[in-house]
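K.L.:
can't give you the sequence, but here's the structure:
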């Protein structure tokens, strides 16, 4: 009689354990919430990673710098209320502080104000030189590509002779004949940059002339002049902003280097290369007079180069 009772008790305990195992516990109730939170976290993470992968972080840093530089070149009074020529010998070589964020120079002039006003000289000279070099290269390169063979040989030999001289050395040679000044500096740097642009445009023009759609245009009876105006010239003009932007950094460095040697704008003009030249004697006593103009020069050159390289990559992808 006792065995059946034990069996019934055992069966009842198994049922209770089975029901308890099948019933939702506290951990089981928390699990779906934790799983949903983990999924939301992964979705947010994947979205952020996908967004950040499409962002050009170099442009994020370059474009604000170029925007500030453009504002300083167009309206320097919007960034500072000081006068770049306002001298106060009593405040000679003051270190950076609340009143003068970048310190003062030998004559007590505010260094930051002179850097801001010097942007107009440096950037406009570099932009003018780069633009002139590209336009001269366009004229020479297209002339060599679409002209007769003898003209191509003459132009190629001329470009080779000019390219044998370093651009900066050629600019210095031209300045000895034209004289000092911002206008002559633009002319000298533009001529010095002629060979690289002429070769690039000539090569691109030959690629265009050998393309399939130009060959098809010839079979339709289009003259050489119409082919140049309709196909070769638009392709060359489309690359001009890219070449100007890429060459801007080198032109700014060249203008600052020539100004540092005394071949550019003359004192008391506020130009970055001239600021470096004026402060080199007092570099140990007043380092800020050379460091801050150097930082400004480096930042602008790097930002312009980054923008030019991004434009070039986008242009090459479009052509493909």
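P.N.:
Nice, I can see it. Values in this document were obtained by computation on a predicted structure and should not be read as measured data.

K.L.:
Quick one: mean pLDDT for stretch 108-119?
P.N.:
Stretch 108-119 carries an average pLDDT of 93.

K.L.:
How far does that stretch sit from its chain's centre?
P.N.:
23 Å (Cα atoms, centre = their mean, to the nearest Å).

K.L.:
again, but for stretch 138-145
P.N.:
With Cα atoms, centre = their mean as the basis, stretch 138-145 stands 27 Å off its chain's centre.

K.L.:
Pull out the buried residues from it.
P.N.:
Across stretch 138-145, burial judged by 16 or more other Cβ atoms under 10 Å covers 138, 140-145. Placement of C-beta: from N, CA and C, glycine included.

K.L.:
of all these, which comes closest to residue 92?
P.N.:
Nearest to residue 92, judged by Cβ to Cβ, of the buried residues of stretch 138-145 is residue 138 at 49.0 Å.

K.L.:
related to what we said a few turns ago, from the buried residues of stretch 138-145, which ones fall inside helices?
P.N.:
Those of these mapping onto helices are 138, 140-145, per DSSP state H.

K.L.:
Dump those residues to TSV, plus pLDDT and distance to residue 63.
P.N.:
What follows is those, written out as TSV (pLDDT from 0 to 100; distance: Cβ to Cβ, whole Å):
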residue	pLDDT	distance to residue 63
138	89	27
140	90	33
141	88	30
142	88	32
143	87	36
144	87	36
145	85	35
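
K.L.:
now those residues in TSV, with distance to residue 214?
P.N.:
Formatted as TSV, those follow (distance: Cβ to Cβ, whole Å):
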residue	distance to residue 214
138	19
140	21
141	17
142	14
143	18
144	17
145	12
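
K.L.:
of those, closest to residue 218?
P.N.:
Out of these, the member with the shortest distance to residue 218 (by Cβ to Cβ) is residue 145, at 15.5 Å.

K.L.:
From residue 160, how far off is the closest one?
P.N.:
16 Å (Cβ to Cβ, to the nearest Å).

K.L.:
how about the nearest residue to residue 138 once chain neighbours are set aside, secondary structure?
P.N.:
Leaving aside its sequence neighbours, residue 138 sits nearest to residue 201 (Cβ to Cβ, 6 or more residues apart in numbering; 5.5 Å). Applying DSSP: H, G, I helix; E, B strand; the rest coil to residue 201 yields a three-state assignment of helix.

K.L.:
what helices or strands is the particular helix or strand that has residue 133 in it leaning on?
P.N.:
Secondary structure from DSSP states H and E places residue 133 in helix 111-146. Counting contacts by 3 or more Cβ pairs under 8 Å, 6 or more residues apart in numbering; DSSP states H and E, helix 111-146 is packed against helix 57-74, helix 149-163, helix 182-192, helix 194-209, helix 233-238, helix 240-260, helix 272-279, helix 288-319.

K.L.:
List the buried residues for the shortest one?
P.N.:
Of the residues in helix 233-238, those with enough neighbours to count as buried (16+ other Cβ under 10 Å) are 233, 236.
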